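**Q** Fold the following and give me the result.
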Amino acid sequence: MIRLALLLWLVLIGQAHSMPLQSVLEDGLSVNQGWAFMPQDDDRYADLDYDHSTWPLRNLTDKWPESGYPASGHIVWLRKEVQFDVPVDYARAARLGLRIGPVRQAAEVYVGGIKLGAIGQINDQLIPDFRKTRVWQIPAEALTTDGRLLIAIRVWGKNLRLSDQGERFFQHSQILGDFVDLKRELRSSKLPALFISAVLLLFSVFAFYLYRRSKALRDYFWFGVVTLSTSAFTFVFHDWRELVGWSVGVSERLLFVAFTALVLGGQRLLWSLMLEPFPRWLGVYHLITLAGALVFVLQPSLPLLLGARDVFWLVFSATVPAVAMLLWQKLRAGFAEARVVTLAVCVFLLLGWHDMVRELFSYHSSWAILYPYGFLVLAATMAVLIANRFGAQVDILEAAVAVKLAELEDINGKLRSLSERDTLTQLDNRRGLEDKARSLLARPTDVNKPAVIALLDIDHFKTLNDQHGHHIGDQVLGEFAERLRAFCRSHDLVGRWGGEEFILVLEGIDRKASRERIDQLHAWIASRPFYCDADSETALYVNVTTTIGVTYYRADDTFESVLSRADRALYRGKERGRNQVVYID
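**A** Below you'll find the model as predicted:
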């Protein structure tokens, strides 16, 4: 009877410590606590049936001693059993998944004696991978028929960096649950960083494109350096390297280069935005820092690189006073952009220092990583300032272009005027008058007052040139033009048709009145000799007569046809002895 009661009590105790498989799949189970711990390295510790009942218990997030466990090569084993209700539903058990990480420095994970995988590498060579979080699907056969699931973890935790003091596992990250849900949650938690990295990459491409278009836009070059390096830093820091297949060594070296470029390029950008020459001492500091960073990046030892990187983080902090002094001087000088830049830099530095403290001293705390958001604030501020400066430059260029366009328009107007005006007589030339005449003749007119077209030719002009010289001939042409201009009304057209020929277009006048006016003009030209400045002291007066051919515009005429009739009338007058007016209706 006593034996039966004892057996029943043991069964009840086992049921009390077991849990429904369905609740673990739906809600998840943190497995950070209650691990059997052994600071030795033995492959048997992964076996399902190995007895670890005598091992001391500890939590995954308990701190390691500062010296670690050198006797075992800093390798320890952790074992934990999870008891599920029986009978086991193996169809549901096939959905189980385990999330482990991040861990420093590397770990191998086993369930039910079956190796799920590793974070980093322990066996062949010690390779840390302290940014990696893995989710594995647990094979259904890992669960025993009595509902036991054994999880064993082999951890290498040697201190490689200043930030490696303390625990080896991140709090709340070791979870047993539904594999699909765990995988989705892990990917979703990293997506914002991927989005930020992509946005920053686009920023950098655009900045380098603008700089390529104009080397004067140096702000854009440094902005491109900063955004590109921050994009790479965010991409690697949040463990998206599996997208491109980078190894741990490559990604950690890229992280170091990206951070160095971010700091050095950011300082260059800041001085450029503040319109200040970059200090020579700071330029030397940059060269030395960059050379040192390249030495550590190119050397083969990853642990040495990791140790040096933490030191570089502190070295970079030494330039903060120079940045603060620059901003303070610009604020005191009333520099328009200093306030906004100072605020953005302060936000970025505070969030960056927050993450540095988290990385160096509180690696496994629940603090969020904030620097990407701080840099987004800084990048947005810089982008706005650079865009404003670019916009101001564009405005200046547009104003300069507008001035040049106005000058070109003025020059074009002058050229157009020169091309349409005779320089000797200042009358319209053939091209200028033809355009105006076509426009005038195209307008509807009174049939009783048709437009009058008259061609005038100075008689014996060639003989006058031969006798007195071309300078006298030019004066005669000028005086002839002045008399025509004085004769015409404001809306009449007058121009030099070529050589000694001139043209008149009169409108708004009937035939009788037009004949009277043309006859008056003919008589007026011949009535008064033309005064000319001769080379001799005696004044020269030249008698000038003209032959005029006149016609009237008809409804079915074109400019060419009416001009042809006027030309025939002029030719007829020359045949009849010149110095006369000939009309062809």
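**Q** Check which residues of the one helix or strand K330 maps to are buried.
**A** Assigned by DSSP states H and E, K330 belongs to helix 320-332. Within helix 320-332, the residues scored as buried using 16 or more other CB atoms under 10 Å are 322-323, 326-327, 330. Where C-beta positions appear, they are placed from N, C-alpha and C, glycine not excepted.
**Q** Ok, stretch 410-425 next?
**A** By 16+ other CB under 10 Å, the buried positions in stretch 410-425 come out as 420-422, 425.
**Q** Select from the residues you listed every entry located in helices.
**A** Counting by DSSP state H, the buried residues of stretch 410-425 place E420 in helices.
**Q** possible to save the buried residues of stretch 410-425 as CSV with pLDDT?
**A** Compiled in CSV, these are given as follows (pLDDT from 0 to 100):
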residue, pLDDT
E420, 79
R421, 85
D422, 85
T425, 88
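**Q** I'd like the buried residues of stretch 410-425 as JSON lines, with distance to V311 appended.
**A** As requested, the buried residues of stretch 410-425 are exported to JSON lines (distance: CB to CB, whole Å):
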{"residue": "E420", "distance to V311": "80"}
{"residue": "R421", "distance to V311": "81"}
{"residue": "D422", "distance to V311": "86"}
{"residue": "T425", "distance to V311": "89"}
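**Q** which stretches of this protein aren't confidently modelled?
**A** Within the chain, the segments meeting pLDDT under 70 span 1-17, 161-167, 171-172, 352-369, 371-372, 375, 379, 389-390, 536-537.
**Q** Would you mind measuring from the most centrally placed residue in it to V109?
**A** Closest to where the C-alpha atoms of the chain average out (CA atoms, centre = their mean) is F206, at 2.6 Å. Per CB to CB, to the nearest Å, F206 is found 44 Å from V109.
**Q** And for A338?
**A** Separation of A338 from V109 (CB to CB): 53 Å.
**Q** who has more neighbours, these two?
**A** Applying other CB atoms under 10 Å to A338 and V109 shows that V109 carries more neighbours, namely 24 against 19.
**Q** Where does W136 sit, in terms of helix or strand?
**A** Here W136 is assigned to strand 134-137, by DSSP H and E.
**Q** who does the helix or strand where G374 lies touch, helix- and strand-wise?
**A** Assessed by DSSP H and E, G374 sits inside helix 371-420. Applying 3 or more CB pairs under 8 Å, 6 or more residues apart in numbering; DSSP states H and E, we find helix 371-420 packed against helix 179-213, helix 218-237, helix 248-273, helix 338-361, helix 430-442.
**Q** Columns distance to G508 on top of those, output as JSON lines?
**A** Output for these, formatted as JSON lines (distance: least, CB to CB, whole Å):
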{"stretch": "helix 179-213", "distance to G508": "60"}
{"stretch": "helix 218-237", "distance to G508": "66"}
{"stretch": "helix 248-273", "distance to G508": "70"}
{"stretch": "helix 338-361", "distance to G508": "70"}
{"stretch": "helix 430-442", "distance to G508": "10"}
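**Q** hey, which of those is tucked in deepest?
**A** Highest mean neighbour count among the helices and strands packed on helix 371-420 (mean count of other CB atoms under 10 Å): helix 218-237, with a mean of 24.
**Q** got the angle for it vs helix 248-273?
**A** Here the directions of helix 218-237 and helix 248-273 differ by 150 degrees (axes from the mean of the first three to the mean of the last three CA atoms, to 10 degrees).
**Q** who touches the helix holding K330?
**A** Helix 320-332 is contacted from outside by 267, 270-271, 274, 276, 279, 282, 338-339, 341-342, 345, 349, using CB atoms under 8 Å, 6 or more residues apart in numbering.
**Q** can you do 6 Å?
**A** Applying CB atoms under 6 Å, 6 or more residues apart in numbering, the external contacts of helix 320-332 come out as 274, 338, 342.
**Q** Repeat that for stretch 542-553.
**A** The contact list for stretch 542-553, computed with CB under 6 Å, 6+ apart, reads 441, 450-451, 453-459, 476, 518, 522, 525-526, 529-530, 532, 562, 565-566, 569-570, 573-574, 578-579, 581-585.
**Q** How about that stretch, which residues are buried there?
**A** For stretch 542-553, burial by neighbour count (16+ other CB under 10 Å) applies to 542, 544, 546-553.
**Q** Can you give me the end-to-end span of it?
**A** Stretch 542-553 has an end-to-end distance of 34 Å (CA to CA, to the nearest Å).
**Q** tell me how far that stretch is from the chain's mean position?
**A** Distance of stretch 542-553 from its chain centroid, counting by CA atoms, centre = their mean, to the nearest Å, is 72 Å.
**Q** Might one say that T260 is in contact with A293?
**A** Yes - here T260 reaches A293: they are 4.4 Å apart, a contact under CB atoms under 6 Å.
**Q** Dihedrals phi and psi, I458?
**A** Main-chain dihedrals, I458, degrees, to the nearest 10: phi -70, psi 130.
**Q** With adjacent residues omitted, what lies nearest to it?
**A** Setting aside the residues directly before and after it, I458 is nearest to E500 in space (CB to CB, 6 or more residues apart in numbering), at 4.1 Å.
**Q** Lovely, talk soon.
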